[in-house]
Each structure stands twice: as C-alpha cells, then as structure tokens.
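A.B. asks: following is a predicted model, sequence given first.
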Amino acid sequence: MSNLVCVKTFADRLQADMTRSSLEANGITASVSANDRGGMRPDLAFTSGGVKLFVIDENAAKALEVLNDDVIGDE
C-alpha cells in the first residue's frame, strides 16, 4: 500500500498548484493540502504550517528530482 509524503511546503496555494502542475506534466500525480478553508482564508494556511504538496512515496525521489531541476532551470 502506498503512503503520501510531503515533498515541499509553500507559503501560498498558487505556488503549490503551479508546482503540482509541473509534477503532473512529468507524469507524477500530486495533491495539495492546506488548512485555508478552500482558499477563502489563505492566512490560515500560513499560520498552520503552510500549503503542502504530496506525492505517493514511490514517486517521492522522482518528484524531488523534478523540483530540483525546476529550481535550477529558473536561476
């Protein structure tokens, strides 16, 4: 059975959703979780640990590789 693991935490949902899209473009299913009342209270996400990006544990290494490539490509 697969478990979800958090591969990155963001300050806001927009960044998390954009990164999720990048992972999914690379064939990695990902999900975003935040305690922000569905985006209506973004301040709650910040005070409760941020917006978290999850993948299944089997894809964590590949996801981190994609995330690192995206950061290096942005510089």
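C.D. replies: Good, I have the coordinates. Numbering: from 1, shown residues only.
A.B. asks: hmm, which helix or strand of the chain has the shakiest average pLDDT?
C.D. replies: Within the chain, no helix or strand scores below helix 42-47, which has a mean of 59 by mean pLDDT, DSSP states H and E.
A.B. asks: distance check, the residue nearest the centre of the chain against residue 62.
C.D. replies: When Cα atoms, centre = their mean is applied to the chain, the residue found nearest the centroid is residue 53 (2.3 Å). Applying Cβ to Cβ, to the nearest Å, the value for residue 53 to residue 62 is 14 Å. All C-beta spots, glycine's among them, are computed from the backbone N, C-alpha and C.
A.B. asks: give me the nearest residue to residue 64, chain neighbours excluded.
C.D. replies: Of all residues beyond its chain neighbours, the one nearest residue 64 is residue 7 (5.9 Å), with distances taken as Cβ to Cβ, 6 or more residues apart in numbering.
A.B. asks: just name whatever secondary elements the helix or strand that contains that neighbour is in contact with.
C.D. replies: Secondary structure assignment for residue 7, by DSSP states H and E: strand 4-10. Where contact means 3 or more Cβ pairs under 8 Å, 6 or more residues apart in numbering; DSSP states H and E, strand 4-10 is packed against helix 13-25, strand 51-56, helix 60-74.
A.B. asks: much appreciated, bye for now.
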